[in-house]
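> A structural model of the following input is requested.
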Amino acid sequence: MNNAENPQEIAWIPRIEWVWGLAEIGLEGYWEQGKTTKAINTISDSYGDFSLYSELVASYGSDKSLVSRDTNSNAGLQVGENTTTWYFSGTWGFKYDNTQYNIVVMAQYYYNGEGYADDSLLGTAESLVIASSPQLTSSDLSYWGIHNFALGWNFSKLDNSDLGVSGLWLIDGSDGSGIFYPRIYYQYGSYLYVSLGPSFTYGNNVSYYAQFGNKLSFKLEIDLGGGGELGGGLF
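Below is the predicted model:
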């Protein structure tokens, strides 16, 4: 309802779902005044230790402020909204969860139909966000590239102890940049989680993940009560 004061302000999300065994297929639509209309298809299934999922989204227009090159402007780019173009996005992934050997591996591909094929405008767009321009926000620049990949892993209870190895690798396939973050951790029940590992950010100086060039750092994480486990998706 979103605090709607009249019927026109209500958001409508009709959904229908089919279930066959462990597989689920869903179709839904999204309509809200002032927002882009969307059609969404979801599919999930499982085979033994593997869980598979996909989500496809077609939207008429974009809720993001989009940028394009404009040599006549002072900033060298034009910021605007597009409400008359169809955009198609989708994500596909799997999760392998073997409880016998305490192994979890996740991989995901995200096709961003509202993304950009190169990073030539990213630096200028980022400077507008830093300058608090009302035209652009950080959410408008999220997942800049069209092709995005992610890999996550978790090997727990190594040698039947409370030690484990986990990690996350995010890649922008459009500009080749990424973040590689492996770590070793100690987990005591659901009360204490301590991890340590290097974080390597790579790419050129105007790429999505490495806007300031290659960077190597070490991260120490202490979590009380959270558990620190991988979630259901990587993006």
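
> can you get me a residue count around the closest residue to Asn112 other than its chain neighbours?
Once flanking residues are discounted, Asn112 sits nearest to Tyr143: 5.0 Å by C-beta to C-beta, 6 or more residues apart in numbering. Just so you know, the C-beta spots here come from the backbone N, C-alpha and C atoms, and that holds for glycine as well. The tally of other residues near Tyr143 (other C-beta atoms under 10 Å) stands at 18.

> what's near enough to touch Tyr143?
For Tyr143, the contact set (C-beta atoms under 8 Å, 6 or more residues apart in numbering) comprises Tyr110, Asn112, Gly115, Asp172, Tyr208, Phe235.

> is Ala125 in a helix, a strand, or coil?
For Ala125, the assignment made with DSSP: H, G, I helix; E, B strand; the rest coil gives helix.

> now, which of the contacts of Tyr143 sits nearest Asn148?
Tyr110 (4.1 Å; C-beta to C-beta).

> tell me the pLDDT of that closest one.
Per-residue pLDDT puts Tyr110 at 96.

> quick check: which element contains the residue nearest to Asn112?
Here Tyr143, judged by DSSP states H and E, is contained in no helix and no strand.

> so how far is Ser68 from it?
18 Å (C-beta to C-beta, to the nearest Å).

> same deal with Ser199?
Taking C-beta to C-beta, one finds Ser199 at 33 Å from Ser68.

> one more: Thr36?
As judged by C-beta to C-beta, Thr36 and Ser68 stand 18 Å apart.
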